[in-house]
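> Prediction below, plus the sequence it came from.
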Amino acid sequence: KSDAELQHEQTILDKVAEQMDQLGFTRLTLADTSDQALMDNAVILLVSRSTTNYQNYYYDYWYYGYDYWNWYGGMNYYYPGYSYNYYYPWGYPVSYQYTVGTVILQMVDPSNPQSVDSQQASVDYPVRWMAVLNGIMSGSLAEINSRITKSISQAFDQSPYL
């Protein structure tokens with residue numbers, strides 16, 4: 001992972017921990033999980049982040065004139081610096097890149113499993129609360145961190161029942 005990705009993850013975890021502290025939850029350590037009395041009153045908060053980079057490229061046909069497309073295609077008959085083409089449109093290449101990402105927060109109840117599969121060693125827990133923060137992983141490092149902070153705060157603000 002890049003330094004930026006690690007910083008985003010730390011920002012997410014710090015902000016979630018801050019919000020849970022403000023709600024009166026106590027963070028348990030791994031050693032605390034062996035205490036059944038603590039676990040009976042616990043919630044587990046699952047945090048995941050997904051980021052996808054998109055890169056694309058296309059031809060800009062806007063500069064072709066009236067004769068090829070049979071309609072007027074712009075302010076001039078042809079793009080400055082390009083000759084008029086009667087046969088096959090040859091585009092002006094344009095490339096772009098952007099990043100999108102989603103953060104998912106899920107709160108589950110470990111004292112009330114939905115199903116237990118002993119053979120697969122898996123347990124399904126009911127999700128008691130969920131927040132999906134979509135499209136926040138785009139922009140500069142400062143913009144992303146600001147968006148993460150504001151979005152997580154908003155998710156908890158919209159859930160006063162927690």
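Nice, I can see it.

> Three-state assignment for the residue lying closest to residue 113 once chain neighbours are set aside, please.
For residue 113, ignoring the flanking residues on the chain, the nearest one in space by Cβ to Cβ, 6 or more residues apart in numbering is residue 123 at 4.9 Å. The C-beta positions use only the backbone N, C-alpha and C, and glycine is treated the same way. With DSSP: H, G, I helix; E, B strand; the rest coil as the basis, residue 123 sits in strand.

> Hmm, residue 109 and residue 123 touching each other?
No - applying Cβ atoms under 8 Å, one finds residue 123 not in contact with residue 109, separated by 11.5 Å.

> Among the two, which residue is more densely surrounded?
residue 109 (17 against 13; other Cβ atoms under 10 Å).

> still on that earlier bit, can you pull the pLDDT of the residue nearest to residue 113?
On pLDDT, residue 123 comes in at 86.

> What's opposite it in the beta bridge?
residue 116 (DSSP bridges).

> Which other helices and strands does the helix or strand that contains residue 5 contact?
The secondary structure element spanning residue 5 is helix 3-22 (assigned by DSSP states H and E). The contact analysis (3 or more Cβ pairs under 8 Å, 6 or more residues apart in numbering; DSSP states H and E) places helix 3-22 against strand 44-60, helix 141-157.
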